[in-house]
Structures are given as C-alpha cells and as structure tokens.
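K.L.:
Return a 3D structure for these sequence lines:
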Amino acid sequence: MSGHSKYSNIKAKKEKNDAARGKTFTRLGKEIVVAVKEGGPDINNNSKLKQVVAKAKSCNMPGDTIERAIKKAASGSEADLETIYYEGYGPGGTAIIVEALTDNRNRAASNIKFCFTKGSGSVGTPGCVSYMFDDKGLIIIDKAECSQDADELMMTALDAGAEDFSEEDDSYEIITLPDDFDAVREALEGAGVKMLTAEVTKLPQTTVTLSSEEDIKNINKILDMLEEDDDVQNVYHNWEE
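P.N.:
Numbers count the residues shown, from 1 in each chain. Below you'll find the predicted structure:
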C-alpha cells in the first residue's frame with residue numbers, strides 16, 4: 001500500500017468535505033441519534049457514541065453542535081431510525097455496500113435500487129458482496145498537518161494496538177481491528193495528532209480497476225446519486241479510483 005493510497009486522496013477528500021459539509025453534519029447527527037437511543041447519552045459508557053463523536057470531530061463538526069445533537073436525541077424527540085444494508089454490483093464486477101439510516105424502509109429500498117439501475121448496476125441479495133470487505137478502524141492523517149515524523153507516529157500507533165501503518169504520498173494511514181480503534185485513536189489524540197479521518201469502516205480485501213470510460217462514468221453515477229440520497233449514510237466499494 002505504498003505510493004498510491006487505496007483509501008484516501010487528501011486534496012480530493014478536503015474538497016469533497018468542504019462541498020458536502022452540511023450533508024456530512026446531517027448524517028453524523030443521525031448517527032448520534034441512533035447511538036444515543038441504543039446506549040444512552042453518556043459518552044463514557046457508550047462505546048458506539050464515543051466512536052461517532054470521534055468521527056464527528058475528525059470532520060470538524062463543532063463541539064456545541066455535537067452536544068446539541070446528543071441532548072436532542074436523549075430527549076426522545078427524534079424519529080425512530082433503523083440501519084439497513086444493501087449490497088450489489090456496479091459495472092465491471094465492482095462490489096458496493098450501502099448503509100442506510102432511515103425511517104422508511106420502502107422508500108430507501110426503492111431509491112437505492114434506482115441509483116444502481118441508473119448506473120448499469122444491480123442490487124443483490126444480503127451477503128452477496130459483504131464477504132469481500134473487512135470491518136476495520138481507519139485513521140488518516142494529513143502529512144501537511146502532522147508535526148511528528150513517520151517513525152514516531154508509527155510507534156505511537158503500533159504501541160497502542162494498531163494492526164498496520166503505511167506512509168502514502170500525502171498521508172499516513174493507520175488500520176486497526178474494530179476493538180482496538182478507540183485505544184489507538186485516544187493514543188494519537190494524546191500525542192496531539194490531528195486526524196483527517198477516524199472511523200470504523202469497511203475496507204475491501206482487494207480492489208477492482210476499471211478501464212472502460214463507460215464503466216467509470218456509470219460507477220461515478222451510482223456513487224454520486226447515492227451520495228445525494230438523504231437515507232444513505234455510508235457507501236463502501238472496491239473500485240480503485
């Protein structure tokens with residue numbers, strides 16, 4: 001995983017985050033609601049909430065906005081949301097998993113199927129592609145915003161339980177097992193490391209490269225349409241962009 005990152009492009013990620021910050025905060029707010037309803041508003045006794053808050057901070061969500069979301073969720077005034085996963089295939093044999101957080105299962109299913117169809121893809125049965133992905137903690141650090149050198153950063157991460165550390169052109173990337181994610185993230189925070197991304201996610205075991213312009217156009221169409229859907233929280237795929 002050297003030279004060209006499978007998971008990040010700092011410039012593209014920043015531009016995307018700047019353009020979609022409002023939508024990102026809305027999605028994080030929904031994740032906070034679910035985490036609070038499942039485990040309560042005390043972040044010290046709710047590991048899921050702790051992870052969502054860490055993710056929100058890495059996206060520069062203001063602390064007072066996070067606190068308001070937690071209080072609003074604890075009041076019980078939010079609609080009931082359920083998490084549903086959809087799996088399918090994009091062009092060129094690519095695998096796509098869509099995580100939806102919705103109050104209307106039928107609407108979500110219909111809209112997500114439409115996104116796949118418009119990009120010449122198809123929704124499959126549960127489990128059809130999820131075996132191609134692993135649940136991992138992923139931390140991405142922008143080299144330009146990191147004062148530590150690579151060796152120092154690597155030792156901090158590995159000593160805290162990280163599974164892998166890699167240096168890319170513009171970033172450092174740290175991968176953990178889900179159970180070790182909090183410990184590694186907290187160790188980096190304690191060392192004053194600013195994280196561009198810090199979340200438990202799904203990483204593809206292998207990636208697929210598309211050579212056809214039509215296939216690239218279609219998978220971008222699927223991903224862009226899913227990005228715009230209010231019920232969609234996260235999209236995981238194995239296309240190497």
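
K.L.:
beta partners for Ile96?
P.N.:
Gly88, His237 (DSSP bridges).

K.L.:
wait, what's in contact with it?
P.N.:
87-90, 116, 121, 129, 222, 235-237 (CB atoms under 8 Å, 6 or more residues apart in numbering). (Glycine included, C-beta is placed from N, CA and C.)

K.L.:
Can you check the pLDDT for it?
P.N.:
Looking at Ile96, its pLDDT is 97.

K.L.:
and what of Ala191?
P.N.:
Looking at Ala191, the pLDDT reads 93.

K.L.:
Tell me the spatial nearest neighbour of Ile66, not counting adjacent residues.
P.N.:
Ala56 (5.4 Å; CB to CB, 6 or more residues apart in numbering).

K.L.:
element containing the one you found?
P.N.:
helix 47-58 (DSSP states H and E).

K.L.:
what comes up buried for that helix?
P.N.:
48-58 (16 or more other CB atoms under 10 Å).

K.L.:
Just list what it packs against, helices and strands only.
P.N.:
Applying 3 or more CB pairs under 8 Å, 6 or more residues apart in numbering; DSSP states H and E, we find helix 47-58 packed against helix 21-39, helix 63-74, helix 181-190, strand 197-204.

K.L.:
hey, what's the residue nearest to the spatial centre of the chain bridged with?
P.N.:
Residue closest to the average C-alpha location in the chain (CA atoms, centre = their mean): Thr201, at 5.2 Å. Beta-bridge partners for Thr201, by DSSP bridges, are Lys136.

K.L.:
about what we covered before: Serialize the helices and strands packed on helix 47-58 to JSON lines and add fields for distance to Glu152.
P.N.:
Formatted as JSON lines, the helices and strands packed on helix 47-58 follow (distance: least, CB to CB, whole Å):
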{"stretch": "helix 21-39", "distance to Glu152": "30"}
{"stretch": "helix 63-74", "distance to Glu152": "28"}
{"stretch": "helix 181-190", "distance to Glu152": "11"}
{"stretch": "strand 197-204", "distance to Glu152": "18"}
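
K.L.:
of all the ones you listed, which lies closest to Ile140?
P.N.:
Across these, Ile140 has its closest neighbour in strand 197-204 (4.1 Å, CB to CB).

K.L.:
The closest one - contacts with which helices or strands?
P.N.:
For strand 197-204, the packing partners by 3+ CB pairs under 8 Å, 6+ apart are helix 47-58, strand 133-142, strand 232-237.

K.L.:
Least confident of these, on average?
P.N.:
helix 47-58 (a mean of 88).

K.L.:
Residues contacting that one, please?
P.N.:
Contacts of helix 47-58 (CB under 8 Å, 6+ apart): 25, 28, 31-32, 35-36, 38-44, 63, 66, 70, 181-182, 185, 195-200.

K.L.:
Of these, select the buried ones using a ChimeraX command.
P.N.:
Buried members of the contacts of helix 47-58, defined by 16+ other CB under 10 Å, are picked up in ChimeraX with:
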select :25,28,31,32,35,36,41,43,66,70,181,182,185,195,196,197,198,199,200
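
K.L.:
before we move on, the earlier item: what's the angle from the helix holding Ala56 to helix 21-39?
P.N.:
Here helix 47-58 points in a direction 160 degrees away from that of helix 21-39 (axes from the mean of the first three to the mean of the last three CA atoms, to 10 degrees).
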